[in-house]
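> Sharing a model prediction with you, sequence too.
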Amino acid sequence: MTIRSHPPHRAAAPKAPAPAPTRDHNHAHIHVHDHLHSHAGVSRHDQDEDAHALMKAFIAGFRAADDKTSFLRLSGVPHTIEDSRGRPMHLVEARIEQTHQLGTASPGFGTGELTYLPYPGAMVRAREGMTFTYVSMAERRDLPLHEVLLKSDES
């Protein structure tokens, strides 16, 4: 009996289901692909930069599109999602917002105090984000762009 450790040609691995988006996802990057691979050698900073470049390109494309609805359809943005009871929620608004982070605040080590660190002017950067609003008779849900793109992967 011959045992091979590596077959000469492997069929593509089946796609793993995309993870459900969660509110406690504590890093600010989009992870919209669902194929099996390693991020070894790719820094978190590089992943974040890639995610921000993707969001920036998406927002620029949306702004430039003459037909916003068609742009969203072609981009895979779902126009209907399910609410907490499985009923349809419909996309009613797409909003682009610009924010500026002026500093950070976090709990102080070993104290009940908040530690605030303001950024010097040169460190303040503008960021744009996009939010999609879905409604049903019972609920309203505002989803950031990266969560909507995850939902489009699930469809």
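On my side now, so go ahead.
> For the protein, just list every one of the helices.
All helices of the chain, identified by DSSP state H, fall at 44-64, 68-75, 145-154.
> a markdown table for those, including distance to G129 and mean neighbour count?
C-beta here means a position set from N, CA and C on the backbone, and glycine is covered the same way. Listed next are the helices of the chain as a markdown table, based on distance: least, C-beta to C-beta, whole Å; neighbours: other C-beta atoms under 10 Å:
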| stretch | distance to G129 | mean neighbour count |
| --- | --- | --- |
| helix 44-64 | 7 | 14 |
| helix 68-75 | 16 | 13 |
| helix 145-154 | 7 | 19 |
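> Could you double-check that I81 lies in contact with E139?
No. Using C-beta atoms under 8 Å, I81 makes no contact with E139, being 10.3 Å away.
> between those two, which one's more packed in?
Per other C-beta atoms under 10 Å, whichever of I81 and E139 has more neighbours is I81, with 19 against 12.
> nearest spatial neighbour of the more buried one, skipping sequence neighbours?
Closest residue to I81 apart from its sequence neighbours, by C-beta to C-beta, 6 or more residues apart in numbering: M89 at 5.1 Å.
> Then A105?
Leaving aside its sequence neighbours, A105 is closest to Y116 (4.8 Å, by C-beta to C-beta, 6+ apart).
> residues in contact with the one you found?
Y116 sits next to G103, T104, A105 when contact means C-beta atoms under 8 Å, 6 or more residues apart in numbering.
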